[in-house]
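Enquirer: coords please:
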Amino acid sequence: MPSSGKRKKSAKPESRLAMVRRARRINRELAEVYPYAHPELDFENAFQLLIATVLSAQTTDLRVNQTTPALFAKYPTPEDLAAAEPEEVEELIRPTGFFRAKTKAIMGLSAAVRDDFGGEVPGRLKDLVSLPGVGRKTAFVVLGNAFGVPGITVDTHFMRLARRWKWTEQDDPVKIEAEIAEIFPKSEWTMLSHRVIFHGRRICHARRPACGACPIAHLCPAYGEGETDPEKAAKLLKYEMGGRPGQRLKPPPDYPGKPAPALGAIE
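Expert: Numbers count the residues shown, from 1 in each chain. You can find the predicted model right below:
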């Protein structure tokens, strides 16, 4: 997996065409590295994915996945959650942090789904973003993974890597989304998001990228920002690449790592 060497620096600025070609090659190579890339939130339907995505703000998908089984067992439908006692919901989702604000958000959007959409999570962007607490990022997660509608999910990982790879210089998620959409065909948007986010979580970390263990180091203009020694970099790998469980308690059948432990379990 580690690259054999450092990417050569070009003497002149990279052209737009060269950047697009490099970006698409990165996507192709990431597809080979992560053929099992998937959304890392456990869900069985669009409602569960919507709630889980809202709960994932400022916490890990793992912590959300450890928390939602009890929540969905008690409140399986929008109608159930909208009619819940806030204090009971707060206690169930407390492990995800910011539980009072999140309780207000998920109960509010559940009421809106019940009242405005007949209890069914809508499958259109304009309808999803009309729900309380649902922005474009959350909407695209739901559209891409519950409805099969292509979308680019610009989370913190995607934003960091898109800038490191010189796909964009923007720092506004909406502007990043627009620029990336011009580089890749629409059919690739959802899986591109999964691959980039997988890579950001596993190898291209925020504080200490594992450059020496990166399979696309030869395509990366930011090579060298992190640990370049292959042995030291290998120790930085997370999730299945480092032999550790991923984020999901119920991962897809083709996931090569171990399922994550339930809340309170010892890893």
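
Enquirer: Only C-alpha atoms from now on, for both contacts and neighbour counts.
Expert: Fine.

Enquirer: mind checking the SS state of Lys232?
Expert: Using DSSP: H, G, I helix; E, B strand; the rest coil, the structure places Lys232 in helix.

Enquirer: Use 50 as the first number from now on
Expert: Taking 50 as the first residue, the last one we looked at is Lys281.

Enquirer: contacting residues around it?
Expert: Gly261 (CA atoms under 8 Å, 6 or more residues apart in numbering).

Enquirer: Need the per-residue pLDDT for it.
Expert: We have a pLDDT of 97 for Lys281.

Enquirer: One more: Ile315?
Expert: For Ile315, pLDDT reads 60.

Enquirer: Next: Ala60.
Expert: Per-residue confidence (pLDDT) for Ala60: 62.

Enquirer: Ignoring the adjacent residues along the chain, who's closest to Tyr304?
Expert: Leaving out its chain neighbours, the residue that sits closest to Tyr304 by CA to CA, 6 or more residues apart in numbering is Tyr85, at 5.8 Å.

Enquirer: Could you double-check that the one you found sits in contact with Pro300?
Expert: No. Taking CA atoms under 8 Å as the definition, Tyr85 is not a contact partner of Pro300, at 9.9 Å.

Enquirer: just so I have it, where are all the helices in the chain?
Expert: In the chain, the segments counted as helices under DSSP state H are 65-82, 95-104, 110-123, 127-131, 135-142, 148-165, 174-177, 185-195, 205-213, 222-230, 238-251, 279-283.

Enquirer: Lys307: which of those is closest?
Expert: Among these, the nearest to Lys307 by CA to CA is helix 110-123 (12.8 Å).

Enquirer: Buried ones in the closest one, by neighbour count?
Expert: For helix 110-123, a neighbour-count test (16 or more other CA atoms under 10 Å) marks Asp110, Leu111, Arg112, Val113, Asn114, Gln115, Thr116, Thr117, Pro118, Leu120, Phe121 as buried.
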